[in-house]
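Novice: Build me a model from this:
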Amino acid sequence: MPSVWKKITFSVASVLCIGSVVLLVVALATERWATGRILCKTGVEIVNASSPELEQFMGHMYYGLFQGGKTKKCGLGDRRSKIYIFPKLVRTLNSGLHMMVILFLLVAIGFALVSLSFSLFGTLGVLCFLAAMKHHRLTERVANYRESLFRLTVLDDSLDWSFWLGVASAVTHVAVCGVVAMSRIKLPKAQKKKPEQPSISALDLLY
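Specialist: Below is the predicted model:
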């Protein structure tokens, strides 16, 4: 029979695993993996806009692994549009790396339900997305997809909360490993003192 301490540690590990799965599912489903500010470069060049007027040509965008949205300002007011990564936009990106992000996260979800040994896949998925964003100009490619008239320049981009959910999932797996390791610690058992037996000497028997 497992000790009470092992029951507690494995129960905590199970709760953390479930939490990790929930975080990964929410991260996959949401559209806030990255956000960025975009500048309508074509509009700026047409009107030869100076520094104070640049605000009129600045928009913003956000995207996840499957879809997102952007608001561009090119002198015609705010123009909002939806971004769909599949099936066409992904071909203009580093499609192999993008598919690896999704694949690693899906594998992490599956194996997190079964075993802790494969939690590394969630971390790999997060790292792949980071590589695509920082080294393959992911935000710029998403921003300019199907833009035949205007050229959009990414002023800055940053990781948003959907990405950090994936990171949090990886951290929970580290915590699970720590909790499982703690289950091997043997706690000292409380020792019950036995009642002292009265000692009878030969002298006591005489009386």
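Novice: Going by length in residues, pull out the top helix of the protein.
Specialist: In the chain, assigned by DSSP state H, the helix with the most residues is helix 4-29.
Novice: partner strands of the next helix or strand after it, parallel or antiparallel?
Specialist: Counting by DSSP states H and E, the next helix or strand C-terminal to helix 4-29 is strand 34-40. Here strand 34-40 has these sheet partners by DSSP bridges: strand 58-63 (antiparallel), strand 152-159 (antiparallel).
Novice: now the ones you listed as a markdown table including mean neighbour count?
Specialist: In short, each C-beta sits where N, CA and C put it, glycine included. Formatted as a markdown table, the strands paired with strand 34-40 follow (neighbours: other C-beta atoms under 10 Å):
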| stretch | mean neighbour count |
| --- | --- |
| strand 58-63 | 20 |
| strand 152-159 | 16 |
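Novice: By mean pLDDT, show me the worst of the ones you listed.
Specialist: Set side by side, the strands paired with strand 34-40 differ in mean pLDDT, and strand 152-159 is lowest with a mean of 90.
Novice: I figured Leu138 hits Ala34, correct?
Specialist: Yes: judged on C-beta atoms under 8 Å, Leu138 makes contact with Ala34 at a distance of 7.3 Å.
Novice: next one: stretch 49-58 to chain centre, how far?
Specialist: Per C-alpha atoms, centre = their mean, to the nearest Å, the displacement of stretch 49-58 from the mean C-alpha position of its chain is 35 Å.
Novice: outside of that stretch, which residues touch it?
Specialist: Under the criterion C-beta atoms under 8 Å, 6 or more residues apart in numbering, residues 37-40, 43-44, 47, 73-75, 155 lie in contact with stretch 49-58.
Novice: and what of stretch 124-144?
Specialist: Under C-beta under 8 Å, 6+ apart, the answer for stretch 124-144 is 33-34, 36, 38, 61, 63, 65, 68, 70, 83, 85, 89, 92-94, 97-98, 100-105, 108, 151-154, 157, 159, 163, 166-167, 170.
Novice: what about burial for those, which qualify?
Specialist: Among the contacts of stretch 124-144, those buried by neighbour count (16 or more other C-beta atoms under 10 Å) are 33-34, 36, 38, 61, 63, 65, 68, 70, 83, 85, 89, 93-94, 97-98, 100-102, 104-105, 108, 151-154, 157, 159, 163, 166-167, 170.
Novice: what residues are up against Ala34?
Specialist: 62-63, 133, 138-139, 157-160, 163.
Novice: Now do it against Arg151, distance only.
Specialist: Spatial separation of Ala34 from Arg151 under the definition C-beta to C-beta, to the nearest Å is 20 Å.
Novice: before we move on, the earlier item: of all the strands paired with strand 34-40, which one is nearest Phe10?
Specialist: Closest of these to Phe10 is strand 152-159, at 33.4 Å (criterion: C-beta to C-beta).
Novice: Could you list the low-confidence segments of this protein?
Specialist: Along the chain, the model assigns pLDDT under 70 to residues 1-3, 5-6, 112-121, 180-181, 183-207.
Novice: now the helices for it?
Specialist: Under DSSP H, the chain gives helices at 4-29, 41-47, 90-92, 95-112, 120-135, 138-143, 161-182, 202-206.
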